[in-house]
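Here is a sequence with its predicted model. Questions after.
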Amino acid sequence: MKKVLIFMAILSLVIFNCSKKTITNNYYPSADMGAIVGFVYPPDSEAKVIVYLGLEIASTKIDTAGYFELTELPPGTYSILVEAGGYMDYQSSKTIWVTGGTTVSVDNIYLVSIHELIQSVSPYDGSEGVRLSERIRITFRKEMNTGSVESAFRVEPGVEGEFSWYDGRIKGVGGISELRFVPKDQFASNTRYQVTIDTTASDTGGIKLSEPYQFSFTTEPINVLSTRPSPKETWVSPNTWISIIFNTHMDAESVILAFKMVDSQLNDVTGDFSWRYQRQIDFRPHSVLAGNEKYTVTIDTTASDVNGARLPEPYQFYFTTEPVRILSTKPTNKETWVDPNTTVSIFFSTNMDAESVILAFKMVDSQLNDVTGDFSWRYPRQMDFTPDSALAGNETYTVTIDTNAKDVSGGSLDTPYIFWFKTRP
């Protein structure tokens with residue numbers, strides 16, 4: 001029996017070793033085999049990716065984009081090892097389950113450069129789209145002479161900022177220390193920065209870097225973080241103003257010239273501009289917007305930041321205003337015990353054309369007799385009707401505003417608005 005078990009073990013080793021090979025790209029797994037794919041960064045590390053199923057099963061080199069494929073893998077639970085010259089080995093912390101006929105995509109793998117004193121950096125070397133408000137972090141394997149490191153530190157293009165240190169001993173992480181560099185202002189958009197720590201940097205024991213340490217990153221381009229109203233928002237108040245918030249400090253004049261707002265008929269909307277914090281532009285239309293209308297706002301590529309970098313592509317969004325509607329009345333609908341000397345008030349959602357509302361107004365008693373009176377306006381959105389004489393007691397009155405009522409932009413009520421109330425005895 002022992003001989004049989006030994007023979008089976010040897011046979012298994014032979015099978016696994018025979019399946020060990022270097023894999024090529026563009027593979028679709030067969031029904032009884034699987035595959036593992038992913039990306040390793042930085043792509044120029046020429047890393048080797050190895051998968052294990054107890055034993056080494058397969059390996060491959062990443063391509064110029066950092067992509068790898070490991071195919072024809074027998075079903076099972078795998079682990080990954082990544083090796084690259086000048087970088088620390090990466091060992092997957094999670095096991096990867098592979099089944100027949102499936103391709104498993106693993107999370108992006110970021111390698112850490114091997115160095116006598118430097119353990120890791122952030123942003124990582126070669127990263128792109130870095131936030132303009134990002135801070136630079138360098139983690140050292142030993143306690144460092146902070147003054148020597150700060151003197152050895154430089155960023156190109158030059159950036160003013162402040163240093164702070166995190167001591168790993170505070171949380172019981174040995175002698176690890178971390179340098180944090182916070183720029184005084186934001187990084188410039190769409191710019192490649194190179195960080196260098198030269199060989200004058202040393203630990204507390206006087207050991208210096210054997211060679212300058214460098215890494216680089218590229219910041220994100222200019223973009224719009226948010227707007228008010230938000231894109232595609234509906235039922236926006238016609239009295240709204242427009243706010244646009246950028247991710248960096250902008251050149252005010254260029255943004256104003258790049259701004260355009262039109263209605264559905266492509267008529268320009270005029271207004272006044274104001275700025276907050278150099279990153280937020282507010283646009284207040286000269287008059288209230290039309291009800292139930294679609295407005296489109298565009299910022300073209302002539303908009304630039306304070307460093308002269310331009311918006312990479314036009315930014316555009318639209319929103320739709322709420323229809324012309326009546327928000328409330330006084331008396332309220334179906335109200336009873338109303339004072340016969342009451343004044344009827346109508347509150348609209350937007351500024352109204354007074355003449356059209358007066359012509360659309362009608363008030364009758366229970367016998368359909370018209371009630372006459374005088375109209376007045378407190379605000380462009382509130383009309384008051386005062387009857388010529390006191391209303392009858394214990395009587396029901398009906399008020400109608402028909403669809404001839406229009407706002408100042410020509411938008412009208414979608415349907416007639418009707419409400420009634422009853423006076424007290």
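Arrived safely. Please read these numbers as outputs of a predicted model, since none were measured by experiment.

pLDDT of the helix or strand containing Ile36, averaged?
Secondary structure from DSSP states H and E places Ile36 in strand 34-41. Across strand 34-41, pLDDT averages out at 95.

partners of the very next helix or strand once past that strand, with directions?
Following strand 34-41 in sequence order, the next helix or strand is strand 48-53 (DSSP H and E). With DSSP bridges as the test, strand 48-53 is paired with strand 55-61 (antiparallel), strand 76-83 (antiparallel).

Quick one: closest of those strands to Thr219.
Among the strands paired with strand 48-53, the nearest to Thr219 by CB to CB is strand 76-83 (27.6 Å). In short, each C-beta sits where N, CA and C put it, glycine included.

who does the very next helix or strand once past that closest one pair up with?
Note on strand 76-83: by DSSP H and E, the next helix or strand toward the C-terminus is strand 90-91. If you go by DSSP bridges, strand 90-91 pairs up with strand 76-83 (antiparallel).

For the strand it pairs with, C-alpha coordinates in PDB please.
Listed in PDB are the C-alpha atoms of strand 76-83, where the atom choice follows Å, rounded to 0.1, in the frame of the first residue of the first chain:
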ATOM      1  CA  GLY A  76      -7.700  24.400  -8.000                       C
ATOM      2  CA  THR A  77      -6.800  27.100  -5.400                       C
ATOM      3  CA  TYR A  78      -3.800  29.100  -6.500                       C
ATOM      4  CA  SER A  79      -1.400  31.700  -5.100                       C
ATOM      5  CA  ILE A  80       0.700  34.200  -7.000                       C
ATOM      6  CA  LEU A  81       4.300  35.300  -6.800                       C
ATOM      7  CA  VAL A  82       5.700  38.200  -8.700                       C
ATOM      8  CA  GLU A  83       9.400  38.700  -9.100                       C
END
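
now that strand against strand 34-41, angle please.
Strand 76-83 and strand 34-41 meet at an angle of 30 degrees, taking axes from the mean of the first three to the mean of the last three CA atoms, to 10 degrees as the criterion.

Other residues contacting strand 76-83?
36, 40, 47-53, 57, 89-92, 95-98, 106, 109, 111 (CB atoms under 8 Å, 6 or more residues apart in numbering).

Mind doing that once more with 10 Å?
With contacts defined as CB atoms under 10 Å, 6 or more residues apart in numbering, strand 76-83 is touched by 34, 36, 38, 40, 45, 47-54, 56-59, 62, 68, 70, 88-99, 104, 106, 109-111.

now it, how far from the centre of its chain.
Put simply, strand 76-83 sits 34 Å off its chain's centre (CA atoms, centre = their mean, to the nearest Å).

what comes up buried for it?
Using 16 or more other CB atoms under 10 Å as the burial criterion, the residues of strand 76-83 that qualify are 76, 78, 80, 82.

show me the contacts for the nearest residue to the last one once chain neighbours are set aside.
Which is Val82. With CB to CB, 6 or more residues apart in numbering as the criterion, Val82 has its nearest non-adjacent residue at 3.9 Å, and that residue is Tyr90. Tyr90 makes contact with 40, 47, 49, 80-84, 109-112, according to CB under 10 Å, 6+ apart.

try 7 Å this time
82, 109, 111 (CB atoms under 7 Å, 6 or more residues apart in numbering).

Please apply the same query to Pro231.
Going by CB under 7 Å, 6+ apart, Pro231 touches Phe317.

Confirm that it sits in a strand.
No. Assessed with DSSP: H, G, I helix; E, B strand; the rest coil, Pro231 is coil; it does not lie in a strand.

Quick check on it: phi, psi?
Phi and psi for Pro231, reported as degrees, to the nearest 10, are phi -60, psi 130.

ok, now how distant is it from Ile281?
Computed as CB to CB, to the nearest Å, the Pro231 to Ile281 distance reads 16 Å.

before we move on, the earlier item: make CSV out of the strands paired with strand 48-53 and add distance to Ser243.
Shown next, in CSV, are the strands paired with strand 48-53 (distance: least, CB to CB, whole Å):
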stretch, distance to Ser243
strand 55-61, 50
strand 76-83, 46
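
Mind putting the ones you listed into a markdown table with mean pLDDT and distance to Arg424?
Compiled in a markdown table, the strands paired with strand 48-53 are given as follows (pLDDT from 0 to 100; distance: least, CB to CB, whole Å):
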| stretch | mean pLDDT | distance to Arg424 |
| --- | --- | --- |
| strand 55-61 | 94 | 90 |
| strand 76-83 | 94 | 83 |
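
can you give me the strands for the stretch 151-300 of the chain?
153-156, 161-167, 177-183, 192-197, 213-219, 224-228, 242-246, 259-262, 271-276, 280-285, 294-299 (DSSP state E, counting those that start in this stretch).

Excluding covalently adjacent residues, which one is nearest to the residue nearest the centre of the chain?
Closest to where the C-alpha atoms of the chain average out (CA atoms, centre = their mean) is Leu225, at 6.2 Å. Excluding its sequence neighbours, the residue lying closest to Leu225 (CB to CB, 6+ apart) is Ile245, at 4.8 Å.

burial measure for that neighbour, as a count.
16 (other CB atoms under 10 Å).
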